[in-house]
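K.L.:
Have a look; sequence and predicted model below, questions after that.
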Amino acid sequence: MRTTWDSLYALESALAPLGYRITRATSGDEALKQVLRGQVGLLLLDVRMPGVSGLDVVRYMRRLEQTRNIPVVLVTGFGPNSELATTAFRLGVADLVMKPIDPWTLRTKIRYLYDYHRRCQALEQEVRDLRARVKEENDAGHLPARAHSDTARVPLARPRPHEHEREQDRTA
């Protein structure tokens, strides 16, 4: 039987080629503390952990604004289990991975989810920056009266007809 340390070492070895900073936690409580300290871009959790289970960590994370959107990949050695899968995905888990883990597949999933999360964070920051800029302009009186509303909208351009539709219009 593999120990927690053996499993952690195997996961770290599988993920090392990605070059991400990896922080290790040996219990659900420790994982929660790491997440609450910030700077976590993705969480890889075992369903069965000492103390707080992986599912309970996710339940707690989803209740907090600061951790709600962190992608979580759950690892399980229980084999295919529809009840576990249903519970996990209802909690917003990004993926459920069965042991034994294929390192290449795990790296691919982690790279995609982590990069996606980083792009979302960057977009959210850009939106915050733009809102602050609009507010500054608004407060300084540099925007036209119509733009002062938070509900101001940019009209959508009418879609252009496809080339074949324009051709039909010319021949009709």
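P.N.:
The structure has been received and is ready for your questions. Numbers count the residues shown, from 1 in each chain.
K.L.:
Now do stretch 44-53: distance from first to last residue.
P.N.:
End-to-end distance of stretch 44-53 (C-alpha to C-alpha, to the nearest Å): 13 Å.
K.L.:
just the strands in the protein please.
P.N.:
43-46, 72-76, 95-98 (DSSP state E).
K.L.:
got CSV for those strands, with distance to Glu12 and mean neighbour count too?
P.N.:
The C-beta positions use only the backbone N, C-alpha and C, and glycine is treated the same way. Below are the strands of the chain laid out as CSV (distance: least, C-beta to C-beta, whole Å; neighbours: other C-beta atoms under 10 Å):
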stretch, distance to Glu12, mean neighbour count
strand 43-46, 10, 24
strand 72-76, 13, 22
strand 95-98, 15, 16
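K.L.:
now those strands in JSON lines, with mean pLDDT and distance to Ala85?
P.N.:
Formatted as JSON lines, the strands of the chain follow (pLDDT from 0 to 100; distance: least, C-beta to C-beta, whole Å):
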{"stretch": "strand 43-46", "mean pLDDT": "91", "distance to Ala85": "15"}
{"stretch": "strand 72-76", "mean pLDDT": "92", "distance to Ala85": "9"}
{"stretch": "strand 95-98", "mean pLDDT": "91", "distance to Ala85": "6"}
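K.L.:
okay, those strands in a markdown table with distance to Arg59 next?
P.N.:
Shown next, in a markdown table, are the strands of the chain (distance: least, C-beta to C-beta, whole Å):
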| stretch | distance to Arg59 |
| --- | --- |
| strand 43-46 | 12 |
| strand 72-76 | 11 |
| strand 95-98 | 15 |
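K.L.:
Nearest to Ser27, out of the ones you listed?
P.N.:
Comparison of these against Ser27 by C-beta to C-beta identifies strand 43-46 as nearest, at 10.1 Å.
K.L.:
Spit out the contact partners of Asp46.
P.N.:
Taking C-beta atoms under 8 Å, 6 or more residues apart in numbering as the contact definition, Asp46 lies against Ser7, Gly54, Leu74, Val75, Thr76, Gly77.
K.L.:
Many thanks, we can stop here.
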